[in-house]
Structures are given as C-alpha cells and as structure tokens.
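**Student:** here's my sequence, what's the structure:
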Amino acid sequence: MATKNGNATALTVLSPIKNAVMGETSCADITRERCLSLPIHEKSPLARVPNTYLARLFVLDDVYYESLPASDCVFNFSDITSFFSDSARKKALPRKDHLKSKYLVFSSNFYGDLDAYLAGLWKNWSYIDLSGNQRDVRHIWEYCVAFDRVTDISSFIDYIKRCQLDASLFFNGSTDDSLQEQLKSLYLKQEFTRFAIEHQGKNAAEIQQDFKTFIQRVQPENLSSPTWPPGKSAP
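**Tutor:** Residues are numbered from 1 along each chain as shown. Alright, predicted model coming up:
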C-alpha cells in the first residue's frame, strides 16, 4: 500500500527553494550548507523527534538520466544513430527535462500518524548551529517557496502535505513496533550480549544470581528507561 506499511509511514517531501540570492550566496546553497552542518547521531535534531525510524535531508539540484541505452554484445545504439544527421538524432531521442527549481528533499520513515509526527517535528526539532545559536525546524525550510506563511503547527502541517509525494513502493525495513519498543529491544540486545561474554566459564549458580541482578538493572518491561538513546550508533 502506498505511503503506509503496517504501523510505519513513509514521508517524502519536495519543497521548492527560492531562485534567489542572499548576499552572494544562492538560497539553495544556503539551504544545502545548513543541511550539511546539522549535528549527527544523538545530537541530531531528528533524534529529538518522536517515532522517527530514519530520515534524511538533502538538496535536489536537478534530475538526471542516461539518454542512450548502454552497449550490448549485438550493437551499440549510438553507432546506428551516427548515420543520421544531428537534428534527426535529437528528434529521435527523449526530450531532456530539467527542474525549474532546486528542491529541499525530506525523506522519513516513522511510526504512527502523519499529523502527529509533523506536530512532533515542529515542536521537538532543536539544535545548536556552528555559531552557537539555538535553531528550530524553520531554519532548514526558511528559503523554501511560500514557507514564510508558516507560523504555527497547523500551517506547518498543511505546508508539508502540499509538498508531499506518494511513496508507491514503500518497504518498511524495521519491525512494526513503535520506536520506543525498538530502542528498548536494541538496548537489551547490547546488554545481554555483554552479559553473555562476561560470564563465559562461570558456574551455573553464579550466572543465575548475576542474571537476577541483570534483570533488575535492565528492566525489560520499562520502555522509558534504561534504553538505547535515539540516534546513537552501535559500538
């Protein structure tokens, strides 16, 4: 099913960037630099957004494709067209299209409802930039067309939906559980692996006693804490 796969949702957003210059730098290059300078891992602003499985931001400059088929063992298409004039060959080839604008692309897989996720994105996106300034989500979308009309959660949700594309071949690469459950599972996996390694060669009585202490410490039924931090990479 497009966009949804179980409890997971795919979000693909293409927001046109203004064809303008600020000082001596294009709005697209400013947006690109802001994306590239975002903190990563636990400090990423996306780690603060509830139920984000994975996400990325980038600037799409144009679309590209190979206009001629690749060679094979029988013939080369370009060899055949070389018998014709340039004008005839150009008419025979597909028309080459270009984007009228550069786009800020936001791609995300998350757990749950779209409106709730976008509200969480608006409220929780926060990071410190290279100049030491506190930034929210508006800093990334600032130079996108019509984003100056976005003033609150409701207008932000409406704006993102207007820029949204359908994900017709969405595949959820994780389990169908909430992010909180998946982070807890990852934490338990790492901790239990460490426990097993540390207890190699110990007698059964000692392992049993230590395992009871282990269960009390990791609290398997408590999803909130202790758990694996969002955005943290595995050791």
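**Student:** what helices and strands are in contact with the longest helix belonging to the chain?
**Tutor:** Using DSSP state H, we find that the single longest helix of the chain is helix 179-198. Secondary-structure packing of helix 179-198 (3 or more C-beta pairs under 8 Å, 6 or more residues apart in numbering; DSSP states H and E): strand 52-60, helix 204-218. (Glycine included, C-beta is placed from N, CA and C.)
**Student:** for residue 154, find the nearest of the ones you listed.
**Tutor:** Each of these has some distance to residue 154 by C-beta to C-beta; the shortest is strand 52-60, at 20.9 Å.
**Student:** centre of the chain to the closest one, how far?
**Tutor:** Offset of strand 52-60 from its chain centre (C-alpha atoms, centre = their mean, to the nearest Å): 3 Å.
**Student:** for it, packing partners?
**Tutor:** helix 27-36, strand 103-111, helix 179-198.
**Student:** and the following helix or strand past the second one, which residues are buried?
**Tutor:** Pointing back at strand 103-111 there. Downstream of strand 103-111, the next assigned helix or strand under DSSP states H and E is helix 114-124. By neighbour count with 16 or more other C-beta atoms under 10 Å, helix 114-124 contains the buried residues 114, 117-122, 124.
**Student:** what distance do you get for the residue nearest to residue 120 when sequence neighbours are not counted to residue 98?
**Tutor:** Once flanking residues are discounted, residue 120 sits nearest to residue 50: 4.6 Å by C-beta to C-beta, 6 or more residues apart in numbering. Separation of residue 50 from residue 98 (C-beta to C-beta, to the nearest Å): 38 Å.
**Student:** just residue 22 next, same as before
**Tutor:** Distance, residue 22 to residue 98, using C-beta to C-beta: 23 Å.
**Student:** which one's more surrounded, those two?
**Tutor:** Taking other C-beta atoms under 10 Å, residue 22 and residue 98 do not tie; residue 22 has more neighbours (12 against 8).
**Student:** please report phi then psi for that one.
**Tutor:** phi -110, psi 110 (degrees, to the nearest 10).
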